[in-house]
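**Q** Structural data only, the sequence is not supplied:
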């Protein structure tokens, strides 16, 4: 966005901004990062689209939302700006994307119910530790999204994120957590959770996979988590 802003400033300095048609579009949306210019929370199927026509003096480019366009639809916007057609935007897949969005919201509502850490203590002995790293993580108060990566993927009967100390234990079932792999044969697991009802304190943090009664632990760099008004990972 900073680069776009600088580009627009150069157009204004050259005195041609008002006479220029500008179309900016992402090639796809994203589920992890949402542009501050977009008001809708779900942006996976709603690419960012900015538009300004020729001979306009608007200070800000308009953000177009709610129509779910793809790159192929932008040709209509180009032709409209050139005065060749009266059709601003085709958005051929708008109805389909709205249906996808409705289904996505329903699915998210179901997943959110699984994000809360529940107070429960499980008995386990670690059969094998598997080296793992952290690709990225985002924290907001007591909500966290963390992506780990590893080489050895274990077929799981059950998966768990465990916070425990001598006094308390909290667990999150990881069965429905999203995972994928890349062309370098790294596996990635995305773990989202909330800790709203977790007592303040310092906890050991473990990511466990259960297979045929044996427990495997993914050894990430952060071994502990401190919970008060917010969360903080510790090595």
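**A** Structure's in. What do you need? Since the structure is predicted, the reported quantities are computational estimates derived from the model, not experimental observations.

**Q** Select the helix or strand of the chain having the lowest average pLDDT value.
**A** Counting by mean pLDDT, DSSP states H and E, the chain has its least confident helix or strand at helix 94-112, which shows a mean of 62.

**Q** and after that helix, which helix or strand comes next?
**A** Downstream of helix 94-112, the next assigned helix or strand under DSSP states H and E is strand 118-119.

**Q** Are there helices or strands packed against that following strand, and which ones?
**A** Under the contact definition 3 or more CB pairs under 8 Å, 6 or more residues apart in numbering; DSSP states H and E, strand 118-119 sits against strand 169-173. Using the backbone N, CA and C atoms, a C-beta is placed for each residue, glycine as well.

**Q** which residues sit against the strand it packs on?
**A** 114-122, 158-164, 191, 193, 195, 198, 203 (CB atoms under 8 Å, 6 or more residues apart in numbering).

**Q** Name every strand pairing with it and say which way it goes.
**A** Sheet pairing here is set by DSSP bridges, and for strand 169-173 it gives strand 118-119 (antiparallel), strand 158-164 (antiparallel).

**Q** With respect to burial, which of these scores highest?
**A** Mean neighbour counts were compared across the strands paired with strand 169-173 using mean count of other CB atoms under 10 Å; the top stretch is strand 158-164, at a mean of 19.

**Q** count of residues packed around residue 181?
**A** 14 (other CB atoms under 10 Å).

**Q** That one against residue 150, yeah?
**A** No: between residue 181 and residue 150 there is no contact under CB atoms under 8 Å: 9.9 Å.

**Q** Could you list the domains of the chain?
**A** 2-112, 118-234 (automatic domain parsing).

**Q** hey, least reliable of those by pLDDT?
**A** For the domains of the chain, mean pLDDT drops lowest on domain 2-112, to a mean of 67.

**Q** that older thread, who wins for proximity to residue 55 among the strands paired with strand 169-173?
**A** The closest of the strands paired with strand 169-173 to residue 55 is strand 158-164. By CB to CB, the value is 56.3 Å.

**Q** can you list contacts of that closest one?
**A** Counting by CB under 8 Å, 6+ apart, 117, 121-122, 169-175, 177, 191, 193, 195, 198, 203-210, 225, 227 sit against strand 158-164.

**Q** Contacts only, for residue 137.
**A** Shown in contact with residue 137 (CB under 8 Å, 6+ apart): 144-147, 233.

**Q** Closest one of those to residue 15?
**A** Taking CB to CB as the measure, residue 15 lies nearest residue 145 of the contacts of residue 137, at 45.3 Å.

**Q** What helix or strand is the closest one located in?
**A** Counting by DSSP H and E, residue 145 is part of strand 143-150.
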